[in-house]
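> Just to be clear, the model below is a prediction. Sequence and coordinates:
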Amino acid sequence: MAEGLLHHFEDVPDPRSAKGVRHSLRTILTISFVATICGADEWTEIEQFGKEKLRLFQETFNVAQRGVPSHDTFGRLFSIIEPKAFQECFLAWMKSITEIGGQISIDGKTMRSSFDTFNERLSQHVVSAYGNDSGLVLAQTATAEKSNEIKAIPQLLSLLDLNGCLVTIDAMGTQTAIAQQIVDAKGGYLLAVKGNQGSLYEEIAETFEKVGVQGDSYEIKEVNKDHGRLEQRHYTTCPAQDYLTAGQLEKWPGLKTIVMTDNYTEFVTGKKAGQSRGRERRFFITTLDAAEIEKIKAAIRSHWAIENSLHYILDVAFGEDDNRTRKGNAAVNQNLVRHYALNLLKKETSTKVGIKAKRKKAGWNDEYLFKVLA
């Protein structure tokens, strides 16, 4: 079973000198992956899990023949593994278990407790590609801080086959070079527009102030009443070529449509009954046609799944924001192990419980663990 578990991670280089190495890279990775699936979040917990399940690792996974490494050994090795090589192996694994296509959402997450005051290093930041159709993390790349996302996004996109995909990114990634990269790769995009694109933002805002809903624009209204809230969403699209200046059309390759969303939320029950959050207006640009407003609406709504179905779960079910792993590359590499565990837990669908409960069940029940690993 260890061969299958680590098949796509065989190419991760062992950065240690061969002299004096007591525990193989295979042993350390296998225990780390399995322990993380089963609810261990800290190096000390991973060590203890390995000791409690030593027979399982020795007889079923054929590792740990020299016992279980100490928590310091786990931490040291993960701090010096090269993240890029680790990430490339993860991507190869993902390509083997799912078809990468449809909508791909790109977003970053800061691991808040990974800062290192002694070495004057800010919290580590990871930019992830999330497959909205599969509900799985497709790939990730690390950056020193959130402000470097603009450099990290092109690196992440270069790892993926974007042919036929729709890439959605928030306003930080709304850059002409990124749009060009996506179009060159035969993909499409839907990008949020805020004040960071001054003239583009102004032209779109002025357009929707003047145009309203005319013959060449499209409109959808949604009203949802749930959880004590009344939510109204209003989507409007217009052909970009009819309203934007020639300069903007030349700058943004493949641009076909400008989009406006108006969201209004009012509380109808509880202590806040009668209060509202006011109206929130947002703008987007996309390579989709204006008439494809249903698809545009779905893509906008789906983009935020990366927050609810990835970032939120990493914090709630894996305790990522509270994890103080910070030495070297350890935080970034441990984030990848969490992505690995989360994808496997999501793909196991026989048990209809949350990820946190699945992790506990895998730790309690070896038969269920094997289902997850399968």
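Perfect, thanks for sending it.
> so where is this protein shaky, pLDDT-wise?
Low-confidence segments of the chain, defined by pLDDT under 70, span residues 1-4, 112, 115-122, 144-147, 212-217, 221, 223-229, 267-278.
> All the strands of it, in order from the start?
Read by DSSP state E, the chain holds these strands, from start to end of the chain: 103-110, 125-131, 136-143, 166-169, 188-193, 218-226, 229-239, 257-267, 276-286.
> Could you save those strands as a markdown table and add columns showing distance to residue 334 and mean neighbour count?
For the C-beta atoms, the positions are set from N, CA and C on the backbone; glycine is no exception. Listed next are these as a markdown table, based on distance: least, CB to CB, whole Å; neighbours: other CB atoms under 10 Å:
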| stretch | distance to residue 334 | mean neighbour count |
| --- | --- | --- |
| strand 103-110 | 13 | 24 |
| strand 125-131 | 10 | 25 |
| strand 136-143 | 11 | 24 |
| strand 166-169 | 25 | 26 |
| strand 188-193 | 30 | 24 |
| strand 218-226 | 36 | 12 |
| strand 229-239 | 37 | 18 |
| strand 257-267 | 36 | 20 |
| strand 276-286 | 34 | 16 |
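> can I get these in a markdown table with distance to residue 323?
Output for those, formatted as a markdown table (distance: least, CB to CB, whole Å):
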| stretch | distance to residue 323 |
| --- | --- |
| strand 103-110 | 12 |
| strand 125-131 | 13 |
| strand 136-143 | 15 |
| strand 166-169 | 26 |
| strand 188-193 | 29 |
| strand 218-226 | 33 |
| strand 229-239 | 33 |
| strand 257-267 | 33 |
| strand 276-286 | 32 |
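> Out of those strands, which is closest to residue 17?
Using CB to CB as the measure, strand 136-143 is the one of the strands of the chain that comes nearest residue 17, at 24.9 Å.
> thinking again about what came up before, nearest to residue 75, out of the strands of the chain?
Using CB to CB as the measure, strand 136-143 is the one of the strands of the chain that comes nearest residue 75, at 17.3 Å.
> the inter-axis angle of the closest one versus strand 125-131?
For strand 136-143 and strand 125-131, the angle between their directions (axes from the mean of the first three to the mean of the last three CA atoms, to 10 degrees) works out to 160 degrees.
> how distant is strand 136-143 from the center of its chain?
For strand 136-143, the distance between its averaged C-alpha position and the chain's averaged C-alpha position is 6 Å (CA atoms, centre = their mean, to the nearest Å).
> now stretch 163-179
For stretch 163-179, the distance from its own C-alpha centre to the chain's C-alpha centre is 15 Å (CA atoms, centre = their mean).
> And for stretch 55-69?
The chain centre lies 32 Å from the centre of stretch 55-69; the measure is CA atoms, centre = their mean.
> just stretch 84-95 next, same as before
Counting by CA atoms, centre = their mean, stretch 84-95 comes out at 14 Å from the chain centroid.
> How about that stretch, which residues are buried there?
Residues 86-91, 93-94 are the ones in stretch 84-95 that count as buried (16 or more other CB atoms under 10 Å).
> Kindly report the same for stretch 240-256.
Applying 16+ other CB under 10 Å to stretch 240-256 flags 240, 243-244, 248, 251-256 as buried.
> returning to what we had before: any idea which of the strands of the chain gets closest to residue 20?
Each of the strands of the chain has some distance to residue 20 by CB to CB; the shortest is strand 136-143, at 29.2 Å.
> What lies in contact with that closest one?
83-84, 87, 90-91, 94, 98, 100, 104, 108, 124-131, 149, 151-152, 155-156, 159-160, 310, 329, 332, 335-336, 339, 342-343, 346-347 (CB atoms under 8 Å, 6 or more residues apart in numbering).
> ok, back up a step: who wins for proximity to residue 21 among the strands of the chain?
Minimum separation from residue 21 across the strands of the chain (CB to CB) falls at strand 136-143, 25.8 Å.
> quick revisit: so which of the buried residues of stretch 240-256 is the closest to residue 174?
residue 252 (9.3 Å).
> Just give me the neighbour total for the closest residue to that closest one other than its chain neighbours.
Residue nearest to residue 252 in three dimensions, not counting chain neighbours: residue 179, with 5.7 Å by CB to CB, 6 or more residues apart in numbering. In terms of burial, residue 179 registers 23 neighbours under the definition other CB atoms under 10 Å.
> got it, and residue 373?
Quick note: residue 373 (other CB under 10 Å) scores 17 neighbours.
> For the residue nearest the centre of the chain, which non-adjacent residue is closest in space?
For the chain, the residue sitting closest to the mean C-alpha position, by CA atoms, centre = their mean, is residue 128 at 3.7 Å. The shortest distance from residue 128 to any residue other than its chain neighbours is 4.4 Å, reached at residue 140 (CB to CB, 6+ apart).
> Likewise for residue 307?
Distances taken as CB to CB, 6+ apart put residue 107 closest to residue 307, at 7.1 Å, once the chain neighbours are dropped.
> contacting residues around that neighbour?
Residue 107 makes contact with 127-128, 130, 169-170, 303, 306-307, 311, according to CB under 8 Å, 6+ apart.
> what's the closest of the residues you listed to residue 189?
residue 169 (7.3 Å).
> May I have the beta-bridge partners of the residue nearest to that closest one when sequence neighbours are not counted?
If you skip the residues right next to it in sequence, residue 169 has residue 106 as its closest partner in space, 4.6 Å away by CB to CB, 6+ apart. According to DSSP bridges, the partner residues bridging residue 106 are residue 129, residue 169.
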